[in-house]
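Peer 1: how would this look folded up:
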Amino acid sequence: MIPEPEPKEIDEKLEIELRHLASNAVLKGKPSGAEKCESCRYYLEPHKDISYCWHPKLRILVGDQWWCQWWEEIPAE
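Peer 2: Numbering: from 1, shown residues only. Model (predicted):
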């Protein structure tokens with residue numbers, strides 16, 4: 001029998017850290033006009049619904065429709 005899952009101390013610590021990151025980054029779960037993570041230069045895999053944001057102040061998984069204050073247009077090649 002598998003025991004009921006319960007958050008561990010590390011989960012509570014990470015939740016606090018990520019909440020702090022989100023509040024500092026003005027990280028939103030919806031786009032700001034045409035600006036959204038999937039069209040940001042820091043969104044690692046633009047063809048995926050969830051991908052890694054490699055912006056130095058975030059470095060977390062984000063959704064393609066999310067947005068933050070550090071959004072940057074993908075530079076033209």
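Peer 1: Can you give me the pLDDT of residue 4?
Peer 2: With respect to pLDDT, residue 4 scores 88.
Peer 1: Look at residue 14 and tell me its secondary structure.
Peer 2: Assigned state for residue 14: helix (three-state reduction, DSSP: H, G, I helix; E, B strand; the rest coil).
Peer 1: Leaving out sequence neighbours, find the closest residue to residue 64.
Peer 2: residue 38 (3.7 Å; Cβ to Cβ, 6 or more residues apart in numbering). For the C-beta atoms, the positions are set from N, CA and C on the backbone; glycine is no exception.
Peer 1: And for residue 34, the neighbour number?
Peer 2: 9 (other Cβ atoms under 10 Å).
Peer 1: thinking again about what came up before, can you classify the residue nearest to residue 64 by secondary structure?
Peer 2: Assignment for residue 38 (three-state DSSP): helix.
Peer 1: you'd agree it is up against residue 71?
Peer 2: No - using Cβ atoms under 8 Å as the test, residue 38 is too far from residue 71 to be in contact (10.6 Å).
Peer 1: residue contacts, the residue nearest to residue 64?
Peer 2: 46, 51, 64-65 (Cβ atoms under 8 Å, 6 or more residues apart in numbering).
Peer 1: Please flag which of those sit within strands.
Peer 2: Mapping those onto strands (DSSP state E) picks out residue 51.
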